[in-house]
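Engineer: sequence and predicted structure below; questions after.
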Amino acid sequence: MGELIYTLCMLTSLACAWLLFASYRRTRYRLLFWSGACFAVMTLNNCLLIFDKVIFPTQVDLLPWRLGSALVACLLLLYGLIYEKE
């Protein structure tokens, strides 16, 4: 059951990133770019979660990589929210 939930979370993040980048291409509103970049890294984070919990449950510990990618995603969105003002 966990595999299904992890996969759905990854696909949802991917869909959000896709839609945000598509909207950015149309409008060139920079906050959409930073939000799309955040969700793209969240997609990577969810992919690492699948590798960590499903594919390599005992062999490899990907927790530092997952935490690092979550930090990068938050920092991208924070940068966009602070420095992209209109």
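Structural biologist: Done, it's in.

Engineer: counting by contacts, list what the longest helix anywhere in the chain packs against.
Structural biologist: Scanning the chain for the helix with the most residues, using DSSP state H, yields helix 2-27. Packing partners of helix 2-27 (3 or more C-beta pairs under 8 Å, 6 or more residues apart in numbering; DSSP states H and E): helix 30-50. To be clear about C-beta, it is placed using only N, CA and C from the backbone, and glycine gets the same treatment.

Engineer: now do the spatially most central residue of the chain, the pLDDT please.
Structural biologist: With distances taken as C-alpha atoms, centre = their mean, the residue of the chain nearest its centroid is Met42 (1.3 Å). pLDDT for Met42: 97.

Engineer: surely it touches Thr12?
Structural biologist: No: counting by C-beta atoms under 8 Å, Thr12 is not a contact partner of Met42; they are 9.3 Å apart.

Engineer: quick one: average pLDDT of the longest helix of the chain?
Structural biologist: Helix 2-27 comes out at a mean pLDDT of 96.

Engineer: what does stretch 59-77 give?
Structural biologist: 95.

Engineer: show me what counts as buried in it.
Structural biologist: When burial is assessed from 16 or more other C-beta atoms under 10 Å, stretch 59-77 yields the following buried residues: Leu62, Trp65, Arg66, Ser69, Ala70, Val72, Ala73, Leu76, Leu77.

Engineer: name the nearest residue to the last one, ignoring sequence neighbours.
Structural biologist: Going back to what we said before, that points to Leu77. Spatially, and ignoring its direct neighbours in sequence, Leu77 is nearest to Cys38 (4.0 Å; C-beta to C-beta, 6 or more residues apart in numbering).
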